[in-house]
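Undergrad: just coords:
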């Protein structure tokens, strides 16, 4: 009897779920809305019900489901403790333990950006690599460090929190975390827009972006691709700080491969070029380090990584 | 029959060797001079001969030696390849493989600072911890990252090269590695002296250090302990950059415990105080992170770590 696992990616708005024949690619993928600020058991119950309903639709027996993996938007320690899920309005909890009790199926969970990194290592661009670092460049900046095929969640669930490395101690404006000079302030979509706005405000450099009513990260990068001087400068700021953070990762865990994911990474080769240039300038102790590449799985990295997470417990 | 292992710490001047009953503390420790720039096989031969001679003196059979572990002052990849040992004048080699062929005993090697970290985790201040980061503050700055009880050597042997993280991209003067702004330029013994000299030169702040003919790191720290303003300022520079590097490590692997070792760490509590202050300022994403402590094994960390390294192959 074919065995299956479920991969769950819990986001602030929707919960993505995919069903996988063990070690294979997903046979189906769907979403349910995220219940906010309710009792946590209602949330885990929604997930259980959605998975069981889908199994029925697929004509599968409940016993064919061997495990559920789950990525969550918060810090998760190696023993599965989560201090809070801010975007969902849930406090301290043990998500996998609760879902396991509700469903009767073995469960495991980890931080969503960590899980995405595991997804790329198991199913995506880093397939076949034992170690990797992934930086997810979206509205914020997340990260994941994989070593010997496993996520480094860290003792306090802070492993791979690459977006909050301080890369510019001279920054005056605060990050969402309350600190100043975090990578997220320069390498997120919001950060790229902020950099462009600052350059537009503080210089008289001619730019097509001056005519834009509403700047977006895509708009700034597209301008850079066309040679717009302000777009290019904003991209240099992005590359300088992301390059510094990647250089720190190389000097710490020296992964096989370094993956850029998230919405911003869709800008493609131009991002790789600028980042690689700064990493080379900042890394002198070795001529060789992991290649820097673009993620492959896109929005599926979360569910694929959550499936991969179950392979460590089944 | 009691089984033994040998722990070898290869330095630029001397090679320290200790003999350990398996999983226990050393029964003896001694040194031999390091042969420089010779054929590498003479060096490995010296080590083999010294170990076998010592076994004889201890009245042990050669068969009681189950493995040899070795720490070396250069980058070592996870499969035991070393691109060069600059301080010893040896080029590309596979040290453990060669020593194993010469001695007939299973051998394993890793970078010396990585090995020292494993020593503290297995026998020293971090005993019982599964993960740790150690920063060795000596003439230079080395480091080691331990996760799930094992060294992260990295794909290219650069894991734990914490001394060459760029913590000050604005630095004008070059580091020994050719880069500018490496941690080693501020947190090594040489770095502390350099910071004090710069402050003395660029300010008129009164200081007993102005009368010193030959500044040493110990002299600068001792002055700070007595409240000397230049000594205290130099110590702040040290703390600021070391604190930044430690904060990067927390955001990457989030270890159980963070260990300061090497000659500079003998300055004790005053170092911990200044470093902890900066780490707290730079780490907002979590209230909890690994405690920062002083190493316990001192100069023995290398041989103890090398012994611990053998426990992964026997």
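TA: Right, received. Where do you want to start? Please read all numbers here as calculations on a predicted model, not as lab measurements.

Undergrad: count of residues packed around the closest residue to residue A:22 other than its chain neighbours?
TA: Leaving aside its chain neighbours, residue A:22 sits nearest to residue A:3 (4.5 Å; criterion: C-beta to C-beta, 6 or more residues apart in numbering or on different chains). Just so you know, the C-beta spots here come from the backbone N, C-alpha and C atoms, and that holds for glycine as well. Residues near residue A:3, counting by other C-beta atoms under 10 Å in any protein chain shown, number 14.

Undergrad: how about residue A:4?
TA: 22.

Undergrad: ok, it - contacts?
TA: Taking C-beta atoms under 8 Å, 6 or more residues apart in numbering or on different chains as the criterion, residue A:4 is in contact with A:19-22, A:55, A:60, A:64-66.

Undergrad: one step back: now do the same contact list for the residue nearest to residue A:22.
TA: By C-beta under 8 Å, 6+ apart, the residues touching residue A:3 are A:21-22, A:64, A:66, A:314.

Undergrad: ok, of the residues you listed, which come out buried?
TA: Buried members of the contacts of residue A:3, counted by 16 or more other C-beta atoms under 10 Å in any protein chain shown: A:64, A:66.

Undergrad: strands - which of the contacts of residue A:3 land there?
TA: A:21, A:66 (DSSP state E).

Undergrad: closest to chain B out of the contacts of residue A:3?
TA: Relative to chain B, the closest of the contacts of residue A:3 is residue A:314; by C-beta to the nearest C-beta it sits at 19.5 Å.

Undergrad: show me the contacts for the closest one.
TA: Listed by C-beta under 8 Å, 6+ apart, the contact partners of residue A:314 are A:3, A:5, A:22, A:66-67, A:106.

Undergrad: swap in 7 Å and give it another go.
TA: By C-beta atoms under 7 Å, 6 or more residues apart in numbering or on different chains, the residues touching residue A:314 are A:66-67, A:106.

Undergrad: any idea of the pLDDT on it?
TA: Here the pLDDT value assigned to residue A:314 is 89.

Undergrad: now do the helices in the stretch 1-150 of chain A.
TA: Remark: helices assigned in the stretch 1-150 of chain A by DSSP state H, counting those that start in this stretch are A:40-57, A:95-103, A:112-123.

Undergrad: just those: most buried one?
TA: Comparing the helices of the stretch 1-150 of chain A by mean neighbour count (mean count of other C-beta atoms under 10 Å in any protein chain shown), helix A:112-123 ranks first with a mean of 28.

Undergrad: quick check, that helix touching chain B?
TA: No - for helix A:112-123, no contact with chain B is found by C-beta under 7 Å from any C-beta of the partner chain; the gap never falls below 11.0 Å.

Undergrad: that helix - contacts with which helices or strands?
TA: Judged by 3 or more C-beta pairs under 7 Å, 6 or more residues apart in numbering or on different chains; DSSP states H and E, the packing partners of helix A:112-123 are strand A:65-72, strand A:132-137, strand A:141-147, strand A:150-151, strand A:257-261, helix A:301-310.

Undergrad: can you list contacts of the first one?
TA: Right, strand A:65-72. A:3-10, A:22, A:51, A:55, A:82, A:85, A:95-96, A:99, A:103, A:105-112, A:115, A:302, A:305-307, A:309-310, A:313-314.

Undergrad: angle of it against helix A:40-57?
TA: Counting by axes from the mean of the first three to the mean of the last three C-alpha atoms, to 10 degrees, strand A:65-72 lies at 140 degrees to helix A:40-57.

Undergrad: note down every partner strand of strand A:65-72 and its orientation.
TA: When pairing is defined by DSSP bridges, strand A:65-72 lines up against strand A:4-10 (parallel), strand A:107-111 (parallel).

Undergrad: any chance of TSV for these, columns mean pLDDT?
TA: TSV is the format used below for those (pLDDT from 0 to 100):
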stretch	mean pLDDT
strand A:4-10	98
strand A:107-111	98
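
Undergrad: distance to residue B:230 for those - can I get that in CSV?
TA: Listed next are the strands paired with strand A:65-72 as CSV, based on distance: least, C-beta to C-beta, whole Å:
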stretch, distance to residue B:230
strand A:4-10, 54
strand A:107-111, 44
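
Undergrad: ok, the residue nearest to residue A:22 to residue B:202 distance?
TA: Between residue A:3 and residue B:202 the computed distance is 69 Å (C-beta to C-beta, to the nearest Å).

Undergrad: over to residue A:144?
TA: In terms of C-beta to C-beta, residue A:144 sits 43 Å off from residue B:202.

Undergrad: make CSV out of the helices and strands packed on helix A:112-123 and add mean pLDDT and distance to residue B:28.
TA: Shown next, in CSV, are the helices and strands packed on helix A:112-123 (pLDDT from 0 to 100; distance: least, C-beta to C-beta, whole Å):
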stretch, mean pLDDT, distance to residue B:28
strand A:65-72, 98, 51
strand A:132-137, 98, 43
strand A:141-147, 97, 35
strand A:150-151, 96, 38
strand A:257-261, 98, 44
helix A:301-310, 98, 47
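
Undergrad: before we move on, the earlier item: so what's the residue nearest to residue A:22 scoring on pLDDT?
TA: Turning to residue A:3, the model gives it a pLDDT of 97.

Undergrad: quick one, phi/psi of it?
TA: Here is the backbone geometry of residue A:3 (degrees, to the nearest 10): phi -90, psi 150.

Undergrad: that one and chain B, how far apart?
TA: 27 Å (C-beta to the nearest C-beta, to the nearest Å).

Undergrad: again, but for residue A:190
TA: To chain B, residue A:190 is 17 Å away according to C-beta to the nearest C-beta.

Undergrad: quick one: that residue and residue A:141 touch, right?
TA: No - with contact defined as C-beta atoms under 7 Å, residue A:190 does not reach residue A:141; the gap is 9.6 Å.

Undergrad: what about these two, which has more around it?
TA: With neighbours defined as other C-beta under 10 Å, residue A:190 and residue A:141 compare such that residue A:141 has more, 30 against 18.
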